[in-house]
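Novice: A predicted structure for the sequence below; I have some questions about it.
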Amino acid sequence: MNILLLGCGGQVGWELQRSLAPLGAVTACDFDTPGDLKADFSQPESLRALVSRVQPALIVNAAAHTAVDKAESEPDLARAINATAPGVLAEEAARRGALLVHYSTDYVFDGSGSQPRAEDAPTGPLSVYGRTKLAGEELIRASGCHHLIFRTSWVYAARGGNFAKTMLRLAAERELLNVIDDQIGAPTGAELLADVTAHTALRTLAQPTLAGTYHCAAGGQTSWHGYAQFVIEHARAAGMALKVAPDAIKPIPTSAYPTPAARPLNSRLATHKLQQAFGLSLPEWQTGVRRMLTEHLNR
């Protein structure tokens, strides 16, 4: 089976190169891939030739404009990458009878309330990023292609930068940290998303009725403040030299840290549909974060 992986250099894309390998021949592309395998999402129509060249039975799109604040000042580019390009991929998937896997976000919701959102809950994005990601979903569904759309939240990976590594750096440099405590979600590892993708894609190729939109996030919930405390406590127990004291990680509201793009306060995603449809069990968020930290601290 030919597999086209787009956005292979990102956090999720890097892990997908590993998880998809047993399924078939993976052609991994990104915006900086040389030659005729370059995937330029700022020029969505150019992706048609790439799909035609690879002739995939499975297209996995891990590319996205994820600079949430920057998207506010470049909405046209965000729309091209997050909406128009996935729509083109969906049209090509429909034309070829391929399965398209695409990743979306909790930012398609307005963040109100305190209950986890189900897949059919009303949407209401607060930012350009959220609106363009929702538009991408809608174009995929409108294309009629077989697809798996995974909405997720608070993605991190051992490779590259992430919130946990930032907190560790600041905790080693500063005696006081202020961290937002009124945004609630579940830190979700890129490797978990990649493994779920491989499992569900294989099942959906064999049973197309499983196609659709699913929420995929680690179990449990926390705030950014709780996440920071967990990370710093783990590092301290592992012997990392830190300046910040345990009682000097102060909770602050979102209003105290204004940003160009509004963030949803409630990023909880209900994952029952995914777990029941595919027989999966999603681990608690601490499991993946602990593993990532152990890998990072032991380098």
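Specialist: Received it, and whenever you're ready, just let me know what you need.
Novice: residues touching residue 293, list them.
Specialist: For residue 293, the contacting residues are 164, 231, 234-235, 238, by C-beta atoms under 8 Å, 6 or more residues apart in numbering. (Each C-beta comes from the backbone N, C-alpha and C, glycine too.)
Novice: in which helix or strand does it reside?
Specialist: In the assignment (DSSP states H and E), residue 293 maps to helix 285-297.
Novice: same thing with residue 197?
Specialist: Assigned by DSSP H and E, residue 197 falls in helix 190-206.
Novice: next: residue 115.
Specialist: Going by DSSP H and E, residue 115 is not part of any helix or strand.
Novice: now it: closest residue in space, sequence neighbours ignored.
Specialist: residue 268 (6.9 Å; C-beta to C-beta, 6 or more residues apart in numbering).
Novice: please apply the same query to residue 150.
Specialist: Residue 150's closest residue in space is residue 216 (C-beta to C-beta, 6+ apart), at 4.4 Å.
Novice: count the residues that sit near that neighbour.
Specialist: 25 (other C-beta atoms under 10 Å).
Novice: would you confirm that it contacts residue 274?
Specialist: Yes: between residue 216 and residue 274 there is a contact under C-beta atoms under 8 Å: 5.6 Å.
Novice: please enumerate the shared neighbours of these two.
Specialist: Each of 196, 282 lies in contact with both residue 216 and residue 274 under the rule C-beta under 8 Å, 6+ apart.
Novice: so how far does stretch 177-190 reach from one end to the other?
Specialist: Stretch 177-190 has an end-to-end distance of 26 Å (criterion: C-alpha to C-alpha, to the nearest Å).
Novice: what comes up buried for it?
Specialist: 177, 179-190 (16 or more other C-beta atoms under 10 Å).
Novice: swap in stretch 163-178?
Specialist: 163-165, 167-168, 170-171, 177.
Novice: likewise stretch 230-246?
Specialist: 230-232, 234-235, 242, 244.
Novice: dihedrals phi and psi, residue 27?
Specialist: Backbone dihedrals for residue 27, given as degrees, to the nearest 10, come out at phi -100, psi 110.
Novice: noted, bye for now.
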